[in-house]
Structures are given as structure tokens and as C-alpha cells.
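structure for this input, please:
(one chain, ligands or ions: 1)
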Amino acid sequence: MSPRERPRSRRTPPLPVRVQPARRIALDVLRAVRVDDAYANLLLPQRIREAGLSGPDAGLATELTYGTLRMRGYYDRVIALAADRPTSEIDPAVLDVLELGCHQLLTLRTATHAAVNESVELAREVASRSATGFVNGVLRGISRRDAEEWRRLVLDDATDHDDRLAAEFSHPEWVVRAFRRALAADATGRDDESIESELRELLAADNLPPRVTLVALPGLSDVHDLPGATPTGVSPIAALAAAGDPAASPAVAAGTARVQDEGSQLAALTLSRARPVEAGERWLDLCAGPGGKTALLGAEAELGGAVLVANEPVHARAGLVRHAVAALPARPEVLELDGTVLGEREPASFDRILVDAPCSGLGALRRRPEARWRKQPGDLAELASLQERLLDSAITALKPGGLLAYVTCSPHVAETRAQVRGLLRRWSDGIEQLDAQEVVERVTGGSIELGARSPSVQLWPHRNATDAMFITLFRRL
Ligand SMILES: C[S@@+](CC[C@H](N)C(=O)[O-])C[C@H]1O[C@@H](n2cnc3c(N)ncnc32)[C@H](O)[C@@H]1O
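Here you go, the predicted model:
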């Protein structure tokens with residue numbers, strides 16, 4: 001039978017691939033993060049709600065989105081090797097699909113056919129038809145080696161020691177260096193080898209989802225009465241949330257308990273518990289939005305008979321502060337001023353001031369997965385200058401004898417120890433630094449591990465299971 005005579009094979013058309021809602025949502029958030037600078041921690045819960053996902057499906061959408069965003073730097077190196085071209089030459093929409101596919105193949109160990117077929121379908125939706133073949137080819141190529149083989153190839157391709165660390169732990173190289181400097185500053189007397197090993201622990205901790213802790217607002221709820229939650233035994237008002245949605249807890253729904261990192265709790269308590277509160281004291285939370293520490297300080301102020309004023313210049317964030325303090329019987333007034341001029345307007349007016357300054361946020365990379373890729377080293381100078389002006393304004397607003405807590409959710413030395421040195425230099429006759437470590441040790445009953453003896457507290461995700469909060473305390477002379 002000649003080929004012409006042979007009956008034409010009747011090939012069954014391929015079944016349409018149904019993309020799981022969790023994958024679709026994850027890609028949608030990845031796209032919005034890249035294109036619109038969206039915040040995954042705000043957008044993802046919204047998308048999950050809109051799609052009506054719950055339980056394991058919601059968990060999968062979260063893992064796909066957060067995991068891909070965290071490991072984006074590492075996956076891009078894998079994709080560049082597999083596609084044999086730099087990722088800058090790949091359409092960004094296609095790159096998002098490939099990164100999501102990479103996370104499924106290399107980290108979640110999803111079955112190849114599911115990861116590849118659904119990625120191809122997603123590529124069809126967000127990019128050109130020709131992109132589907134490319135996505136199929138690259139992901140099939142990736143699936144032919146296991147995760148360990150890819151790890152070796154990526155590390156072999158790195159240019160030097162810091163580039164290898166950046167590749168292995170999916171952090172920008174400048175952040176790796178900044179963390180090393182911060183660890184060294186917090187560990188006087190330790191040798192380079194032990195700092196290097198701690199650096200690896202820190203970088204690894206950044207890639208794990210943080211545990212969810214609750215704060216029981218003093219006077220409004222009790223850490224032992226939060227259903228299913230387990231007191232951490234470190235912050236006296238912190239508990240590990242029960243599995244599931246913490247917002248479902250009645251105390252959280254009522255606003256008498258909140259989701260809050262334990263490091264943030266200790267930062268607020270360092271100010272409120274540095275010394276006994278005298279009735280009638282005036283407190284100020286200078287940079288209050290979105291209001292997590294305001295709620296805690298407000299509860300503490302109320303117990304001691306003090307009055308708290310909050311300030312947040314970004315109107316929408318000031319709204320969040322008002323919402324955060326809605327459960328307090330005496331709701332703090334919320335101003336919307338530029339904190340750098342508040343000192344001139346209200347000099348020598350407050351007994352305690354919290355400056356939880358705008359910062360690079362490098363200490364909270366666990367909970368803001370895209371943040372590491374968004375910040376640039378060039379952002380530091382502007383932030384440091386704003387921090388300096390906010391500090392000077394706060395000192396001006398303090399009464400003689402008043403207390404100032406300077407806090408950042410960043411361990412970067414330009415925002416922490418260098419800021420403290422500058423402050424003490426500028427106000428050499430006007431302030432003294434107090435021992436924040438002593439306060440934190442007292443508040444936690446000695447249950448916390450701190451770095452080398454110093455008046456400043458630097459918390460770390462790998463050491464304390466908190467964000468990398470920096471906490472200092474000063475007294476106006
Ligand atoms: C690190 S956040 C504060 C977090 C807050 N304390 C909490 O626990 O929820 C810093 C805040 O400072 C605000 N901010 C920015 N510029 C400011 C300024 N010039 N004066 C006062 N606050 C400012 C930002 O809008 C942001 O809400």
C-alpha cells in the first residue's frame with residue numbers, strides 16, 4: 001500500500017487542559033507583582049477570597065505564589081541554563097509562567113505532566129501562541145534533571161563566593177553582603193567562619209514561611225485564653241496561632257488579639273515597659289501605619305493611665321491605624337503629619353515616643369516574598385536621611401527625661417548601628433542610650449537569645465524565629 005492509499009490516521013484531538021484555580025491565581029499575582037508593583041501579601045488573600053478557595057486549595061495557591069516569588073532569583077538561573085539564553089531576553093509574562101513551573105518541578109515535586117501541561121496552557125493565555133512550544137521545551141528540559149543536579153549546575157555557574165550564596169539562597173548579592181556586615185556587627189569577637197555559617201542559616205530562614213504569632217492586647221485579652229493558641233514563652237503576650245485562619249479566632253475578630261510578629265511585640269514593650277508608667281504620661285507613635293504597634297502601645301498606655309497619640313502621614317495607612325485601635329476603649333488620636341516636622345510643632349511634649357521608622361524592610365523578607373527583588377542598594381541613602389530627620393524631630397518632641405525607642409525591621413547597619421552612632425553624635429549633650437537588651441531580657445524573663453552584649457537589640461529569624469527587628473532605647477537629658 002502506497003502512502004497515498006494508506007487511510008489517514010484519525011488522531012484524537014488533545015483534551016483541553018484544565019488549569020487548577022490555585023495555579024491561575026498564583027500566576028495572576030506573579031504578573032501583578034512584576035507589572036504593577038503589587039504586594040503579594042495584600043493581593044493574594046483577596047484573589048483567594050474572590051475565587052472562593054479554602055483549605056488545601058488556598059494553601060497551594062499561597063505556596064505557589066510565595067515560594068515562586070522567594071526563589072525567583074534561583075529559578076531564573078535554572079531557566080537561563082535550560083533555555084540557553086539570559087532571562088532578560090525572555091518575555092516577562094513567559095518568564096512568570098516558567099518560574100511558576102520551575103517551583104512545581106524543583107521544589108514541590110509536582111508530576112511533570114501536570115506542571116508542564118498546565119504551564120503550557122497558562123502560557124497560551126498570557127503570551128503568544130508561539131510561547132507555548134518554548135515553555136514546553138524549557139520545562140521538559142528542566143524536568144529531565146533532578147533538583148540536586150540543577151543545584152550543582154547553578155552553583156558551578158556562579159562567579160564567586162558571594163554570587164554562589166546569592167544563587168543558592170535566592171537573595172540579591174548586595175543583600176547577602178549587607179546581612180554579613182550586620183551579623184558581624186552583632187557578634188563582636190566571633191571568627192569569620194562562624195559568621196559565615198550563621199549567614200547561611202539566616203539566608204535559609206528567609207526562605208521559610210514565618211510561624212504565625214498572635215499578640216493578646218494587655219487588659220483586653222489573655223494569651224492563655226486564645227483558643228488553640230500556645231503561648232511562646234518568650235514575649236509574655238505572644239502565642240503561636242492554631243492551624244487555620246487566625247482571623248477566625250473570636251479575639252482576633254473582636255480586635256482584642258492580633259496577628260503580630262513577636263519581634264514587633266518586643267519592640268513596643270521595650271518602650272512601654274522600660275520603666276513604670278505614670279498616670280497622665282503622653283506617648284507618641286510617630287510612624288504608626290498600619291498600626292500593629294499602635295494597638296499594643298495603646299493597650300499598654302491605657303493600663304498605666306497614659307494617653308497615646310499616633311501619627312501616620314499616608315492617608316490610607318492612617319485609616320488602617322484607626323481600624324487597628326478600634327477595639328481600645330480610649331482610641332488614640334491619629335494625626336496625619338510629616339513626622340520630620342512634628343518635633344518643631346510640639347516640642348518637649350511627650351514622655352515616650354516610638355520611631356518605628358520607614359526602612360528597607362530587609363528584616364521581614366520571610367513575610368514579604370517579593371521585597372528582596374524590589375529594594376535596591378541605592379534606596380538606603382534616602383531612607384537613612386529620612387530616619388535621621390525623624391529621629392531629630394522625635395528628640396525635639398520629647399520632654400526632658402522622656403524615652404525614645406528607635407526601631408527598624410531591618411538589620412542593615414546603615415539603618416541601625418550607624419543611625420545610632422549618628423544620633424549620639426548629633427545629640428551628645430541631649431540624650432543617653434539606655435540598655436534595651438536589659439529591658440528585653442526582663443520582659444521575656446531571660447528566655448530570649450541575644451547577640452553580643454550591647455545596649456542595642458538585634459533579633460534574627462534564624463535565632464529568634466522573629467523578623468530581624470532592631471530595637472534601641474534613649475533618654476532625653
Ligand atoms: C515601618 S512602618 C511602621 C509600622 C508600624 N509601626 C506598625 O507596627 O504597624 C513605617 C511607617 O512610617 C510611615 N512614614 C513614611 N514617611 C514618614 C514621615 N515622614 N513621617 C512619619 N511617618 C512616615 C510610612 O508610611 C509607614 O507607615
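
residues of the stretch 251-400 of the chain that sit close to the ligand?
Residues of the stretch 251-400 of the chain that fall close to the ligand, judged by CB under 6 Å from any ligand atom: 264, 286-293, 311-314, 317, 338-340, 356, 358, 390. Placement of C-beta: from N, CA and C, glycine included.

can you get me a residue count around residue 305?
11 (other CB atoms under 10 Å).

show the pLDDT at it.
Per-residue confidence (pLDDT) for residue 305: 98.

how about the nearest residue to residue 387 once chain neighbours are set aside, what does it touch?
The spatial neighbour of residue 387 that comes closest, neighbours along the chain excluded (CB to CB, 6 or more residues apart in numbering), is residue 357 at 4.5 Å. Residues touching residue 357, when contacts are defined by CB atoms under 8 Å, 6 or more residues apart in numbering, comprise 287, 383, 386-387, 390-391, 406-408, 415.

for residue 205, which residues are in contact?
Listed by CB under 8 Å, 6+ apart, the contact partners of residue 205 are 366, 460-462.

from residue 374, how far off is it?
Relative to residue 374, residue 205 is positioned 20 Å away (criterion: CB to CB, to the nearest Å).

in ChimeraX, how would I select the buried members of the contacts of residue 357?
Here is the ChimeraX command that picks out the buried ones among these, judged by 16 or more other CB atoms under 10 Å:
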select :287,383,386,387,390,391,406,407,408,415
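
out of the contacts of residue 357, who's nearest residue 370?
Distances from those to residue 370 were compared by CB to CB; the smallest belongs to residue 383, at 18.1 Å.

the closest one: which element?
Under the assignment given by DSSP states H and E, the secondary-structure element containing residue 383 is helix 379-397.

what residues sit buried inside that helix?
If you call a residue buried by 16+ other CB under 10 Å, then helix 379-397 has these buried ones: 380, 383-384, 386-388, 390-397.

widest-spaced pair of these?
When CB to CB is used, the two most widely separated members of the buried residues of helix 379-397 are 380 and 397, lying 25.5 Å apart.

one step back: could you dump the contacts of residue 357 into a markdown table with pLDDT added?
As requested, the contacts of residue 357 are arranged in a markdown table below (pLDDT from 0 to 100):
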| residue | pLDDT |
| --- | --- |
| 287 | 98 |
| 383 | 98 |
| 386 | 98 |
| 387 | 98 |
| 390 | 98 |
| 391 | 98 |
| 406 | 99 |
| 407 | 98 |
| 408 | 98 |
| 415 | 98 |
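
any idea how far residue 313 is from the closest residue to residue 465 other than its chain neighbours?
Using CB to CB, 6+ apart and skipping the chain neighbours, the partner closest in space to residue 465 is residue 211 (6.1 Å). From residue 211 across to residue 313, the span is 32 Å (CB to CB).

what separates the lengthiest helix in the chain from the chain centre, distance-wise?
Secondary structure of the chain read by DSSP state H shows that its longest helix is helix 55-83. Taking CA atoms, centre = their mean, to the nearest Å, one finds helix 55-83 lying 17 Å from the centre of the chain it belongs to.

which elements pack onto the very next helix or strand once past it?
Helices and strands here follow DSSP H and E; after helix 55-83, the next one along the chain is helix 92-102. Helices and strands touching helix 92-102, by 3 or more CB pairs under 8 Å, 6 or more residues apart in numbering; DSSP states H and E, are helix 21-36, helix 55-83, helix 112-126, helix 130-143.
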